[in-house]
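J.: the following comprises the amino acid sequence and a computationally predicted model.
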Amino acid sequence: MARPKRDNNAAEPEMKRIAIEFSQFRTENNLSQKLLAEVIGISRRTIQSIEAARIIPQKKTLEAFKKLKDKYVAEQEA
């Protein structure tokens, strides 16, 4: 069964914000798309789609990403 289409116009600013957040975090921490995907538990293609602002990640993906970011921040502060 096909997924219902999203109203991308309404979601576009959020998609762009998330895309920048993922890309900046990955770049600043020298992570490949593949490694970030493995750590979060998603595919590299999903990371590509997130960073290209084509999709909004699922809630569990966002939670895993936030947890990873928090871990990196805590390690840098230590």
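T.: That came through fine. Model, not experiment: these values are computed from the prediction. Numbering: from 1, shown residues only.
J.: secondary structure class of the closest residue to Glu12 other than its chain neighbours, three-state.
T.: Closest residue in space to Glu12, ignoring its immediate chain neighbours: Ala53 at 7.4 Å, by Cβ to Cβ, 6 or more residues apart in numbering. Quick note: C-beta positions are derived from backbone N, CA and C, even for glycine. Recorded secondary structure, Ala53: coil (DSSP: H, G, I helix; E, B strand; the rest coil).
J.: for Ala53, give me phi and psi.
T.: Backbone torsions for Ala53, taken as degrees, to the nearest 10, come to phi 60, psi 40.
J.: distance-wise, check it relative to Tyr72.
T.: Distance of Ala53 to Tyr72, computed by Cβ to Cβ, to the nearest Å: 23 Å.
J.: can you check Glu51 too?
T.: Distance, Glu51 to Tyr72, by Cβ to Cβ: 17 Å.
J.: those two - which one has more neighbours?
T.: It is Glu51, of Glu51 and Tyr72, that has more neighbours when counted by other Cβ atoms under 10 Å, with 20 against 13.
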